[in-house]
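Asker: Give me the fold of what follows.
(chains A and B)
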Amino acid sequence: MIKQLLHPFFIIVLLGFNATSLADKILVIVAKNSPVAKLTRQQLENIYRKKTILNPNNKRWIPLNLLIDDQLRQAFSKKIFNQHPEEMESFWNIQYFNGITPPYVVSSNEAVLRFVSSTPNAIGYIYNCYLDKRVRVLIRLNFRNKLTHSCP
Amino acid sequence: MVFLISNTSFADDNDTTYTYRWGRGLNIPAFNLNLGGYSGISFEHTESDPEAVILDDISFFVSWSPHARIRFFSEFEMENFISSNDGVANFWESFNLERLYVDFLVSDSFSIRLGQFMTPVGIWNKNPIMPLVWTSSRPLVTKSYFFPSRTNGLMLTQQWIINNHNLDISIYLDDSNHLDPRQVNHHQSTYSEVAFKQAIGTSIRYKVNHELDIGLSSLVFKKRMELQQTMNYLIGLDLFWKKNGYELQTEWAYRYAPERLGNEVSGYIQGVIPLGNEIFAVERYELLSGQHQDFYTNFNGVTHIGVSALVWRPFFFLVLKAEYRFGHNNKQLVPSGFFSSISVLF
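Answerer: Below is the predicted model of the structure:
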């Protein structure tokens, strides 16, 4: 029995389960030395819509998004705007007409962490299992539907 | 530090990378500069006019933010540059400075805008370009004969968050008589007639929830048009609702002029239904009642207008439209006919 469990196939499956977890929280993060102590949901939405430009230090907010088809981006968008990222394009079309471009896009949770931790005015979101000492959590977003994803 | 991402990159202040993305323009992060624009071709065939294919717009945006608190924006365009009936227009006759302003952020919730900008009445007039609206034809209540579409002056905007809902209030002052840069153009007669002479207005916008927002506008103005330099009072109400691809949009305005120009009420209600594969059905009903004047018309009465359209948005930056306009007592103002267009944000 033990020998069967040590079969490479089972080991791979078990490792796979370890790397995958069910999460129901997304963390909105800023740099550890950010001047922002807290945010409301509406303030967060305004920052991500670029309706609010300045942070409390009167510096330009730099909101970060993940790739449009990233599951976390989809969940974040639905939670904050009640729209999928694809539906937000019509909003950004209007903003473009007024000279405002969407938030920058980075490709991974780790990229969000690296940028946010080294940029005092940046704000991003990550899975809770990516949290480390480089950043500070401003908002925890809870989800009814569990998100399946890889953890570091 | 550079993160390269899908069609977009960003960099620190010393980086000189730039990216181009359809519908979002050329972005140069190191200078906080964005260049872009839109273009559109339309075909129309109405009961009053011969068929025409028109290169409606080639428009360019420049947005530059040299400081966190300051942003310059300009839009200039070639309008009706090429037409199947009139050929190629003179460059300077087609060239328009559409918008030119600077925004100064006094705080994260209070801003000052100085320059030429879209008059913030209702929904349509603030974002009236072909790729952003659902129909090729424009409702009467949003046309510059009802209220001039551009303001030259100063606008103060305060934003509040009340119980997690956005409330924005703007007050603006216009002195186009002295500030309108288009007056110096040699074709000033075209524009001066539908421009403000002077105006003062307010715009209130309240976001009820993710799906619904409502607006209230008021405006006191004089037009520069020789025969219409009388005081006008306007009040407007609008509503926009959107959910799961369905949209409902309505705006109404009442204009009153004690001398000569009388009063009129006009508005529309427009619904959008997604049909799948990025195809949408659009239906609009418009009403105009009262004394309405444009260049050629002195209309007094009631007109009803309907518009049925099919719109295909294969990509977010590309829109193809086909529509039929019909109505009652509308021939003098907006004749019935077929309209279609292709427009693109670039």
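Asker: and residue A:76, how many neighbours?
Answerer: 23 (other CB atoms under 10 Å in any protein chain shown). Every residue, glycine included, has its C-beta placed from N, CA and C.
Asker: Could you pull up the residues touching the closest residue to chain B within chain A?
Answerer: Using CB to the nearest CB, the closest approach of chain A to chain B is made by residue A:99 at 3.1 Å. Counting by CB atoms under 8 Å, 6 or more residues apart in numbering or on different chains, residue A:99 touches B:34, B:61, B:62, B:63, B:71, B:73.
Asker: any idea how far residue A:85 is from it?
Answerer: According to CB to CB, to the nearest Å, residue A:99 and residue A:85 sit 21 Å apart.
Asker: quick one on the thing from earlier: for the contacts of residue A:99, which two are the farthest from each other?
Answerer: B:61 and B:71 (12.2 Å; CB to CB).
Asker: any idea what the residue most central in space within chain A is structurally, helix, strand or coil?
Answerer: Against the mean C-alpha coordinate of chain A, by CA atoms, centre = their mean, the closest residue is residue A:125 at 2.3 Å. Classification of residue A:125 using DSSP: H, G, I helix; E, B strand; the rest coil returns strand.
Asker: Any idea what it is bridged to?
Answerer: Residue A:125 forms beta bridges with residue A:28, as assigned by DSSP bridges.
Asker: ok, now the one 10 residues further on?
Answerer: When bridges are taken as DSSP bridges, the partners of residue A:135 come out as residue A:31.
Asker: what number of residues lie near it?
Answerer: 24.
Asker: isn't it right next to residue A:116, touching?
Answerer: Yes - counting by CB atoms under 8 Å, residue A:135 does reach residue A:116; the two are 5.5 Å apart.
Asker: quick one: common contacting residues for those two?
Answerer: A:29, A:30, A:31.
Asker: Out of those, the closest to residue A:74 would be?
Answerer: Taking CB to CB as the measure, residue A:74 lies nearest residue A:29 of those, at 18.5 Å.
Asker: where's that closest one relative to residue A:146, distance?
Answerer: In terms of CB to CB, residue A:29 sits 21 Å off from residue A:146.
Asker: for residue A:138, same thing?
Answerer: 23 Å.
Asker: Looking at those two, which has the bigger crowd around it?
Answerer: Higher neighbour count among residue A:138 and residue A:146: residue A:138, with 18 against 10, using other CB under 10 Å.
Asker: Excluding covalently adjacent residues, which one is nearest to residue A:26?
Answerer: Distances taken as CB to CB, 6 or more residues apart in numbering or on different chains put residue A:141 closest to residue A:26, at 4.4 Å, once the chain neighbours are dropped.
Asker: For the helix or strand hosting that neighbour, enumerate the helices and strands it packs against.
Answerer: Of the helices and strands defined by DSSP states H and E, residue A:141 is found in strand A:135-150. Packing partners of strand A:135-150 (3 or more CB pairs under 8 Å, 6 or more residues apart in numbering or on different chains; DSSP states H and E): strand A:20-31, helix A:41-48, helix A:71-81, helix A:109-118, strand A:122-127.
Asker: Pipe those into a markdown table and attach distance to residue B:195 per row.
Answerer: A markdown table is the format used below for those (distance: least, CB to CB, whole Å):
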| stretch | distance to residue B:195 |
| --- | --- |
| strand A:20-31 | 46 |
| helix A:41-48 | 33 |
| helix A:71-81 | 37 |
| helix A:109-118 | 46 |
| strand A:122-127 | 42 |
